[in-house]
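**Student:** Output the structure for:
(chains A and B)
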Amino acid sequence: MKRAHYSLKELGDAGEEEVSRYLQGVGLLIVDRNWRIKGGEIDLICEDRGVIVFVEVKTRRSNLFGTPFDAITPDKALRLQRLALAWMTLSHRWGQDYRIDAVGVWINSTGSFELEHRKAVL
Amino acid sequence: MALSSVRTMALVGLDGHVIDVEVDISEGLPGYTLLGLPDTALMESRDRVRSALVNSGFTWPNRRVTVSLSPAWLPKKGSNFDLPIAIALLIATGELSQESCREIIFLGELGLDGSLRFVRGVLPTLVSSLKSGFTRAITPMANNREASLVQGMHSVCVSSLVAATHFLKTGELEKWETFEEKDLDQIALTDLEDVVGQKSARFALEISAIGGHHILFLGPPGTGKTMLAERMPTILPPLSHELALEVSAIHSVAGTLHERGAMSSLPPFVAPHHTTTAPAMVGGGVHVIRPGAVSLAHEGILFIDEAPECGKGVLDSLRQPLESGEVTISRSTGTTTYPANFLLILAANPCPCGRFSGRGKSCTCSSVQIRRYLQKLSGPLLDRIDIRTFVEAPTRVDMASLDVGESSERVRGRVISARQLSAERFKGSAWTLNSRIPPRELRKRFAAEKSAMSFLHTELDSERLSARGFHKVLRLGWSVADQKGHAIPTREDIEVALQLREGMDLLL
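**Tutor:** As a prediction, this is how the structure comes out:
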């Protein structure tokens, strides 16, 4: 779905869609999407050869207000950490290895995507 | 390369320690961690360095940046780590090669625009760098005068981060104008000529300069105590290159080098106010231990006006440096020693109302008040002061006289030749000044003429002189003899010395 104009919600969704396609492309298994509890939301939960991977997706049109990665403040990082543990508990995955990745997505005015995947950022 | 390291120096007192500034840029969320006991100013370096890099046209790595200053146990302070951190970052981001920055000491504070600013302590830092085997340094342009003083050190002074990187890449220096710095030696200073009359006080000053004897001036306000003390630097021999460097190093750490002139050979003159605190006097500070007045007066004069008004602890804090010529300050962050070999000049009014002179007719103080006032000085501190002189108000004859007093230059000439005499005498000894002759040597090798000694012994027997006083008078006697060109103190010299020492025992 290539479009030039998105609302904020559509922008985020489009970014997440792009990322899930990319992750599946590099061999990850999508376990869950937009998993949401009271404390917040995890964008993507995947499995990479036995390792649970929690993915935070940040989509931006430009770097004018900082890169997507700048948007993950220490505060948000802590919340991600907590959410990940909550998911592990609720899914009875305790003891399994896990990591938290961040993927930055840039959408330019022509509607094409650019991705940067940073592994184990926390 | 995501890992880099450059060298800088951290000062503890006047000694520099080589510091490795390591930068690691790793994957992960953007962040900045600074390790290695930084103080507040150093913590703030993150924001300065970031802005400086961006405003100099470089990119700030949007990744996890870890900066480590090792050895980690040494507390680091101040802003002179900005430049080394920025350079290490530029190496880590691939802007500069690690090779080009090897064996160079970097120093400097960055402005947000990428300009390089003045930092304190460049002189002792570079001296220590040289001792540690470094011969190249990059320092701020504003420090170029002191940087150029260290012989054998190739200091490149730059005015900005861009200029520094340009030099590292191409070896080209930026064009710059030489800084016009006032040289205090050239400025017409105060002169002893200005002092009207005061023959005995002048003499006391000269003897003090010859032998390094501490002085107490006692006299009513307005008689010229301060004037006399201020002129002391002009009659002392100029500092040798080595000593001037040492003095400049202390002033560099204190940030007062600009006022003094980078390589002034004039002995420093420091006059703390009598309300000063003990830490300001001997040095102190929480994280950074700064030199105090006693160290700023190293190889020069420490003048305390209205000495009895000083806090008791403040005057007593002078005892250790007077004894050892250095001062050691301990704080939670460590212990620092600064040199503090100074000549002490105290000035005091004879009484609280200040009008006691001559027979004390116009004085309104009670004898108890006077005693209490001067008692603040007595005790161990006063013991270390060899010369006590009463400074009387100049008489009508003095004021009307058209003769100007002797000029500083002439007095200085005599001081220098007298000091040569004593230096000759003390060749091979640990001391160079008459006031430093140890008591044992004084009785054995440096006794006065026979008649002079028997005169002193009589004084001792009649309990007009204590054992310590005996030694002090003998030391003063040597200075008087040097001034007069006598090979050994004569009875007359000793009598003059006794006058200088006991001239106003009536009051004390």
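
**Student:** Using the three-state scheme, assign the closest residue to B:Glu230 other than its chain neighbours.
**Tutor:** Spatially, and ignoring its direct neighbours in sequence, B:Glu230 is nearest to B:Thr190 (5.7 Å; Cβ to Cβ, 6 or more residues apart in numbering or on different chains). Every C-beta, even on glycine, is put in place using the N, C-alpha and C of the backbone. Look at B:Thr190: counting by DSSP: H, G, I helix; E, B strand; the rest coil, its state is coil.

**Student:** Do I have it right that B:Thr190 meets B:Ile235?
**Tutor:** No - judged on Cβ atoms under 8 Å, B:Thr190 makes no contact with B:Ile235 at a distance of 10.8 Å.

**Student:** which of the two has more neighbours?
**Tutor:** B:Ile235 (26 against 15; other Cβ atoms under 10 Å in any protein chain shown).

**Student:** got a list of what the more buried one touches?
**Tutor:** By Cβ atoms under 8 Å, 6 or more residues apart in numbering or on different chains, B:Ile235 lies in contact with B:Leu192, B:Leu205, B:Glu206, B:Ala209, B:Ser408, B:Val411, B:Arg412, B:Val415.

**Student:** ok, so of those, who is nearest B:His154?
**Tutor:** B:Arg412 (36.9 Å; Cβ to Cβ).

**Student:** For that closest one, the count of nearby residues, please.
**Tutor:** Neighbour tally, B:Arg412, other Cβ under 10 Å: 19.

**Student:** Quick check: which ranges of the chain have low pLDDT?
**Tutor:** With no chain named, the answer covers chain A. Low-confidence segments of chain A (pLDDT under 70): A:1-5.

**Student:** I was thinking of chain B, sorry if that wasn't clear
**Tutor:** Checking chain B against pLDDT under 70 turns up B:1, B:174-189, B:357-360, B:378, B:402, B:503-508.

**Student:** Can you classify the residue of chain A found nearest chain B as helix, strand or coil?
**Tutor:** Nearest residue of chain A to chain B (Cβ to the nearest Cβ) works out as A:Val121 at 4.5 Å. Recorded secondary structure, A:Val121: coil (three-state DSSP).

**Student:** Just want to check the distance between it and A:Ala102.
**Tutor:** According to Cβ to Cβ, to the nearest Å, A:Val121 and A:Ala102 sit 5 Å apart.

**Student:** which residues do these two both contact?
**Tutor:** Listed as contacting both A:Val121 and A:Ala102 by Cβ under 8 Å, 6+ apart are A:Phe69, A:Ile72, B:Leu29.

**Student:** Is it correct that the first one falls within a helix?
**Tutor:** Meaning A:Phe69. Yes - per three-state DSSP, A:Phe69 lies within a helix segment.

**Student:** Tell me how many other residues surround it.
**Tutor:** Other residues near A:Phe69 come to 22 when the count uses other Cβ under 10 Å.

**Student:** what do you get for B:Gly334?
**Tutor:** 14.

**Student:** What residues does it make contact with?
**Tutor:** By Cβ under 8 Å, 6+ apart, the contact set of B:Gly334 is B:Val12, B:Pro75, B:Ile289.

**Student:** nearest to B:Met453, of the shared contacts of A:Val121 and A:Ala102?
**Tutor:** Distances from B:Met453 to the shared contacts of A:Val121 and A:Ala102, taken by Cβ to Cβ, are shortest for B:Leu29, at 83.9 Å.

**Student:** distance of the closest one from B:Leu130?
**Tutor:** Remark: distance between B:Leu29 and B:Leu130 (Cβ to Cβ) = 42 Å.

**Student:** Near chain B, which residues of chain A are found?
**Tutor:** A:Thr67, A:Phe69, A:Asp70, A:Ile72, A:Pro74, A:Ala77, A:Ala102, A:Arg118, A:Lys119, A:Ala120, A:Val121, A:Leu122 (Cβ under 8 Å from any Cβ of the partner chain).

**Student:** Show the buried residues in those.
**Tutor:** Neighbour-count burial (16 or more other Cβ atoms under 10 Å in any protein chain shown) is assigned, among the residues of chain A next to chain B, to A:Thr67, A:Phe69, A:Asp70, A:Ile72, A:Ala77, A:Ala102, A:Arg118, A:Val121, A:Leu122.

**Student:** Does the closest residue in space to the last one that isn't next to it in sequence belong to a helix, a strand or coil?
**Tutor:** In this structure, A:Leu122 finds its nearest non-sequential neighbour in A:Ile100, 4.4 Å apart by Cβ to Cβ, 6+ apart. Secondary structure state of A:Ile100, per three-state DSSP, is strand.
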